[in-house]
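# What shape does this take:
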Amino acid sequence: MHPDDDIDQKLTPGQPASLSADDTSSEGVMGRHRAVPTPRRGIRAVLASTPVRVALATGVTCCLGATAVVAARHDDEVPPPPVTEALTDRALAAQEKAASRSLDRSPTPTPASPTASPSAKPSPTPKPKPKKKAPTKPPRPRPVAGLTQAQMDNAKAIVDVGVDMKIPRQGLVIAVATAMQESTLLNYASGVLPESQNYPHQAIGWDHDSVGLFQQRPSSGWGSVRDLMRPAYAARAFYEALLQVPGWQQMSLTLAAQAVQISAFPYAYAQHEDRAGTVVAALT
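Below is the predicted model:
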């Protein structure tokens with residue numbers, strides 16, 4: 001009822017000043033029209049007949065986003081309008097829906113932490129170490145001047161020692177020619193010295209205790225049997241003795257070789273001079 005409405009504020013003559021409880025329950029005064037009471041059921045009937053005030057406050061999430069409050073008044077007050085009743089029903093339905101929906105909620109999955117930092121640099125792959133190559137033996141010299149491979153190998157041993165000692169080329173030719181005469185460039189053991197046969201050898205001789213490429217005798221002070229059976233040692237012993245001969249470079253090959261060897265056949269060395277020169281040229 002609007003307070004400024006003059007018609008509603010005036011009482012009809014002969015009408016009692018107050019309405020009875022029965023009149024109030026059967027009809028309500030609203031403005032210029034009388035409202036026809038609507039049958040109530042369920043919670044509406046309870047709200048209309050309850051003598052105490054009931055306040056319902058419900059926070060409606062999602063769609064409603066508002067708060068509806070319904071108050072039930074005493075029998076002497078005006079019943080709630082239809083709009084309020086509709087809001088009450090929607091609030092109760094939203095409350096039941098929210099309660100049932102909360103049971104279905106599952107925890108929010110947390111993102112998996114990265115296994116590695118994006119800024120971390122991958123460890124460098126170690127490079128494989130290069131394999132060490134096994135030392136290879138120098139190629140064997142190709143035989144020349146009618147020599148066998150074994151003879152050419154012995155000639156190379158003689159020349160290599162002379163080069164290491166810085167012996168002139170003439171001295172290399174003298175040494176090779178002497179070995180050609182004494183042992184045909186083969187490493188001889190001695191049948192007289194059984195010990196000599198315990199070392200690598202290519203032939204056996206019987207000329208006293210002479211051994212090796214130069215047929216040097218241990219009894220004459222050239223060295224031990226073991227040492228003289230090694231081609232490199234025998235060649236060094238020959239060069240050292242040659243260097244002790246005064247003016248050996250001005251001598252003929254025969255005289256120089258004989259000064260060292262003191263052989264029973266001093267002129268036999270000259271026949272090997274040309275072939276010895278060919279061998280030395282092939283090895284130097």
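
# so for the helix or strand that contains A257, what's the average pLDDT?
In this structure, A257 is located in helix 253-261 according to DSSP states H and E. Over the span of helix 253-261, the pLDDT mean works out to 96.

# Quick one: list the elements packing against it.
Under the contact definition 3 or more C-beta pairs under 8 Å, 6 or more residues apart in numbering; DSSP states H and E, helix 253-261 sits against helix 169-183, helix 231-243. All C-beta atoms are positioned from the backbone trio N, CA, C, and that covers glycine.

# Single out the most deeply packed of those helices.
Here the criterion is mean neighbour count by mean count of other C-beta atoms under 10 Å, and of these the winner is helix 169-183, at a mean of 24.

# Tell me which helix or strand comes right after that one.
Sequence order places strand 188-190 as the next helix or strand after helix 169-183, per DSSP H and E.

# quick one: strands adjacent to that next one?
strand 203-205 (parallel) (DSSP bridges).

# pull the CA atoms of the helix holding A257 into PDB?
Extracted as PDB, the C-alpha positions of helix 253-261 are listed here (Å, rounded to 0.1, in the frame of the first residue of the first chain):
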ATOM      1  CA  LEU A 253     140.300 -51.800 -50.500                       C
ATOM      2  CA  THR A 254     142.500 -54.900 -50.300                       C
ATOM      3  CA  LEU A 255     145.200 -53.200 -48.100                       C
ATOM      4  CA  ALA A 256     142.700 -51.500 -45.800                       C
ATOM      5  CA  ALA A 257     140.600 -54.700 -45.200                       C
ATOM      6  CA  GLN A 258     143.800 -56.800 -44.700                       C
ATOM      7  CA  ALA A 259     145.100 -54.300 -42.100                       C
ATOM      8  CA  VAL A 260     142.000 -55.000 -40.000                       C
ATOM      9  CA  GLN A 261     141.500 -58.700 -40.700                       C
END
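
# and the next helix-or-strand element following that helix, which residues are buried?
Using DSSP H and E, the helix or strand that follows helix 253-261 in sequence is helix 273-283. By 16 or more other C-beta atoms under 10 Å, the buried positions in helix 273-283 come out as 273, 275-277, 279-280, 282-283.

# Specify the angle between helix 273-283 and helix 253-261 in degrees.
Orientation check (axes from the mean of the first three to the mean of the last three C-alpha atoms, to 10 degrees): helix 273-283 against helix 253-261 gives 80 degrees.

# Quick one: list the elements packing against helix 273-283.
Under the contact criterion of 3+ C-beta pairs under 8 Å, 6+ apart, the helices and strands touching helix 273-283 comprise helix 149-164, helix 169-183.

# any chance of the ones you listed in JSON lines, with distance to N198 and mean pLDDT too?
Supplementary listing: the helices and strands packed on helix 273-283 in JSON lines, determined by distance: least, C-beta to C-beta, whole Å; pLDDT from 0 to 100:
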{"stretch": "helix 149-164", "distance to N198": "19", "mean pLDDT": "97"}
{"stretch": "helix 169-183", "distance to N198": "19", "mean pLDDT": "97"}
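
# Low-confidence stretches in the stretch 1-150 of the chain?
Scanning the stretch 1-150 of the chain for pLDDT under 70 picks out 1-122.

# Kindly reformat the helices and strands packed on helix 273-283 as TSV containing distance to P141.
Putting those into TSV (distance: least, C-beta to C-beta, whole Å) gives the following:
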stretch	distance to P141
helix 149-164	5
helix 169-183	13
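
# Quick one: closest of the ones you listed to P124.
Using C-beta to C-beta as the measure, helix 149-164 is the one of these that comes nearest P124, at 47.4 Å.

# Turn the helices and strands packed on helix 253-261 into JSON lines, columns for distance to D207.
Converted to JSON lines, these look like this (distance: least, C-beta to C-beta, whole Å):
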{"stretch": "helix 169-183", "distance to D207": "9"}
{"stretch": "helix 231-243", "distance to D207": "15"}
